[in-house]
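Asker: Sequence below, structure please.
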Amino acid sequence: MPHTAMLPPKPRVACAARPFISISSVGATMNIMMAAALAEGTTVVENAAQEPDVEDLGNFLNAMGACVRGHGTGVLTAQGVRAMHGCDYGVIADRMEAGTLGLAAGITGGDVFLQNANAAHLRPVTLKMSEVGMHIEEKSDGIRVVGPQSGPARPD
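Answerer: Numbers count the residues shown, from 1 in each chain. Okay, here's the model as predicted:
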């Protein structure tokens with residue numbers, strides 16, 4: 001009687017592609033970037049989202065052994081690798097949370113220090129804060145936001 005062996009089916013492997021994201025999307029860009037990091041071949045994503053979160057995810061994947069280029073630009077390229085490894089990585093400060101806490105200082109006339117907040121990521125918000133009389137102080141380790149001396153900020 002012949003011996004037979006049952007082998008599991010070969011796992012499906014993601015293949016490289018050239019997706020065009022018709023409406024730039026952070027979530028779509030990040031998901032494609034993660035899949036492409038381990039896909040066979042080169043994936044080129046056109047109209048990729050350019051937010052700081054996307055750039056940070058690319059940096060994180062690269063720290064684990066991925067080969068992602070152009071993250072944070074409109075066109076990103078990922079050369080799939082066979083495997084990645086663990087790493088120690090510090091993610092960027094959440095710009096939505098930092099902006100919200102900074103605005104809270106303005107609304108209440110308070111004074112907050114946003115530890116590790118990146119001023120470049122918050123530029124549109126901090127410019128508006130300054131327009132309504134808030135004091136913004138950029139430091140190497142974060143941003144200090146002080147509400148207006150005249151009391152809580154109010155739009156004109």
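Asker: so the residue most central in space within the chain, which of the three states?
Answerer: Computing the C-alpha centroid of the chain and ranking residues by CA atoms, centre = their mean puts Asp53 first, at 0.7 Å. At Asp53 the chain is in helix, as set by DSSP: H, G, I helix; E, B strand; the rest coil.
Asker: which residues does the closest residue in space to it that isn't next to it in sequence contact?
Answerer: Residue nearest to Asp53 in three dimensions, not counting chain neighbours: Val26, with 6.0 Å by CB to CB, 6 or more residues apart in numbering. C-betas here are computed from N, CA, C, even on glycine. Applying CB atoms under 8 Å, 6 or more residues apart in numbering to Val26 gives the contacts Ala49, Glu51, Asp53, Val54.
Asker: With Arg144 as the reference, measure out to the residue nearest to the centre of the chain.
Answerer: As for Asp53, its distance to Arg144 is 24 Å (criterion: CB to CB, to the nearest Å).
Asker: contacting residues around stretch 84-104?
Answerer: With contacts defined as CB under 8 Å, 6+ apart, stretch 84-104 is touched by 37-38, 52-53, 56, 59-61, 63-66, 110, 112, 114-118, 121-122, 125-126, 129, 134, 142-143, 145.
Asker: quick one: average confidence on it?
Answerer: Averaged over stretch 84-104, pLDDT sits at 94.
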